[in-house]
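S.K.: Quick one, structure for this:
(one chain, ligands or ions: 1)
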Amino acid sequence: MIDTLPIDIQQTSQSRIGELNLDQLVFGRTFADHMFVADFDGKEWTDLRIVPYGDMAFSPALMPLHYGQAIFEGMKAYKSADGEVLIFRPQENAARLNRSAHRLCMAEIPEDIFLAGLYELLKLDSQWVPQRDNYSLYIRPFMFATDEYIGVSPSKKYRFIIFNCPVGAYYSKPVKVKVETQYVRAAPGGTGAAKCAGNYAASLYPAKLAQEEGYDQLIWTDGAEHKYVEEAGTMNFMFVIDGKLVTPAVSDSILDGITRKSIVQIAKDWGMEVEERKVSIAELIENLENGRLQEAFGAGTAAVVSPISTIGYEGKNFELPEIKADSFANRVKAYLDDIKYGRVEDTHNWIVRL
Ligand code: COI
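M.R.: Purely as a prediction, here's the structure:
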């Protein structure tokens with residue numbers, strides 16, 4: 001645990017915790033009482049503070065509103081049966097945020113500021129971490145440029161914020177996905193591996209078209225040839241083929257997902273063969289047709305492990321086998337949950353206890 005940094009704390013006098021109704025939660029629409037804020041003044045991170053969650057005033061010339069220097073992370077905290085708050089792999093998020101910052105030419109934030117801000121915030125908002133299976137506190141660290149300037153160049157100043165949302169399951173049932181072969185999410189040499197706002201903006205229109213056709217999400221294919229599958233909506237894409245875990249290798253167009261890498265590690269721990277490599281659409285379709293594709297699922301922080309029921313490709317829908325209780329996807333989700341809620345030994349030291 002990090003020793004305390006000088007963080008100015010202004011506690012709310014009007015907590016909204018009494019209004020929290022876990023049965024009515026919509027992902028990302030309920031916000032905990034406080035947020036952590038820090039500003040980069042062009043030289044150093046200053047003015048570390050925790051303040052009540054609320055609006056901020058900005059100039060219309062704020063650079064990221066025009067040119068998109070904005071990056072974010074998604075992470076979660078859980079409450080164990082005895083009321084302890086457990087955070088899953090926060091150092092990984094701090095490191096990835098800085099990789100995104102590097103790609104977007106933004107200031108990097110020292111890990112100790114990221115973690116100290118996070119821990120102090122969670123101490124203050126610990127009541128907002130739901131104590132219920134499949135529920136957690138979704139944590140949204142993000143950073144954006146704060147120069148008022150509409151010339152195209154890197155901003156000198158930045159703001160880093162963390163706020164929190166209590167959440168339940170992201171998808172309530174297996175998802176129906178369509179292999180996208182016209183639009184691209186990320187191109188070689190682009191920003192696909194960074195968690196930057198623009199990647200998500202560019203995904204909205206093709207996702208909307210797929211939703212109009214009755215799909216929940218897209219399977220993104222590579223930007224050069226549309227030959228290889230890359231990600232599943234906002235998640236990494238994983239399969240079980242002939243008992244092996246197969247997933248597209250991370251690249252400059254595929255996000256290095258923390259849930260993804262945790263699942264790969266668990267599969268290896270369980271003695272399962274794992275292949276991280278390019279996966280072509282042709283191979284996917286062939287394995288769907290010959291029945292060797294046993295499972296397909298998305299993996300991400302928000303959706304955790306999200307089984308796929310149907311894959312649409314060029315107007316044809318391929319149904320996946322029904323998800324069995326002992327499927328890899330179910331077993332790995334249950335085991336990850338056991339780690340996250342503190343029910344089993346955390347052999348890889350993935351959990352930080354508040
Ligand atoms: C996450 O899984 O944390 C994501 O980034 C998805 C988010 C865009 C809802």
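
S.K.: ok, the closest residue to the ligand within the chain - how many residues close by?
M.R.: As assessed by CB to the nearest ligand atom, the ligand sits closest to G74 within the chain, at 2.1 Å. (C-beta placed from N, C-alpha, C; glycine too.) For G74, the count of nearby residues is 19 (other CB atoms under 10 Å).

S.K.: Same question for A197.
M.R.: Residues within reach of A197, counting by other CB under 10 Å, total 18.

S.K.: Nearest residue to it in space, ignoring adjacent ones along the chain?
M.R.: Using CB to CB, 6 or more residues apart in numbering and skipping residues adjacent in sequence, the residue nearest A197 is A70, 4.1 Å away.

S.K.: If that neighbour is in a bridge, with which residues?
M.R.: Per DSSP bridges, the residues bridged to A70 are F144.

S.K.: go on, S251?
M.R.: I254.

S.K.: what do you get for I161?
M.R.: I161 has these beta-bridge partners by DSSP bridges: V37, F142.

S.K.: show me the residues around it that make contact.
M.R.: 35-37, 141-143 (CB atoms under 8 Å, 6 or more residues apart in numbering).

S.K.: hmm, back to that, without its sequence neighbours, what residue ends up closest to the residue of the chain closest to the ligand?
M.R.: Nearest non-adjacent residue to G74, counting by CB to CB, 6+ apart: T301, 4.2 Å away.

S.K.: which residues of this structure fall in helices?
M.R.: 63-67, 90-103, 111-124, 197-212, 258-269, 281-289, 328-340 (DSSP state H).

S.K.: Name the residues of the stretch 51-200 of the chain found near the ligand, please.
M.R.: With CB under 6 Å from any ligand atom as the criterion, the stretch 51-200 of the chain meets the ligand at residues G74.

S.K.: so where's the stretch 51-200 of the chain shaky on pLDDT?
M.R.: Filtered on pLDDT under 70, the stretch 51-200 of the chain yields no residues whatsoever.

S.K.: ok, back up a step: how about the contacts of I161, which pair is most distant?
M.R.: Using CB to CB, the contacts of I161 reach their maximum pairwise distance at M35 and M143, which is 13.1 Å.

S.K.: Give me the more crowded residue out of these two.
M.R.: M143 (27 against 21).

S.K.: so what's the more buried one closest to, chain neighbours aside?
M.R.: Counting by CB to CB, 6+ apart, the residue nearest M143 is F160, at 4.6 Å.

S.K.: can you pull the contacts of the one you found?
M.R.: Residues near F160 by CB under 8 Å, 6+ apart: 37-40, 45, 109, 113-114, 117, 141-143.

S.K.: got the residues you listed as a markdown table, with distance to R277 columns?
M.R.: Output for the contacts of F160, formatted as a markdown table (distance: CB to CB, whole Å):
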| residue | distance to R277 |
| --- | --- |
| V37 | 42 |
| A38 | 40 |
| D39 | 43 |
| F40 | 39 |
| W45 | 39 |
| I109 | 33 |
| I113 | 37 |
| F114 | 32 |
| G117 | 38 |
| P141 | 31 |
| F142 | 32 |
| M143 | 33 |
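
S.K.: For the residue lying closest to I9 once chain neighbours are set aside, give me the pLDDT.
M.R.: Spatially, and ignoring its direct neighbours in sequence, I9 is nearest to I50 (4.7 Å; CB to CB, 6+ apart). Note for I50: predicted pLDDT of 98.

S.K.: what's across from the nearest residue in space to G300 that is not next to it in sequence in the sheet?
M.R.: Nearest residue to G300, sequence neighbours excluded (CB to CB, 6+ apart): M235, at 3.6 Å. For M235, the beta-bridge partners under DSSP bridges are A232.

S.K.: and M235, how many residues sit next to it?
M.R.: Using other CB under 10 Å, M235 has 27 neighbouring residues.

S.K.: re earlier: how many residues are close by the residue nearest to I9?
M.R.: Neighbourhood size, I50 [other CB under 10 Å]: 23.

S.K.: Check the offset of stretch 189-206 from the chain's centre.
M.R.: Centroid separation for stretch 189-206 versus its chain: 13 Å, with CA atoms, centre = their mean, to the nearest Å.

S.K.: what do you get for stretch 216-231?
M.R.: Distance of stretch 216-231 from the chain centroid (CA atoms, centre = their mean) equals 18 Å.

S.K.: so what's K79 closest to, chain neighbours aside?
M.R.: Of all residues not flanking K79 in the chain, Q131 sits nearest, at 4.1 Å (CB to CB, 6+ apart).
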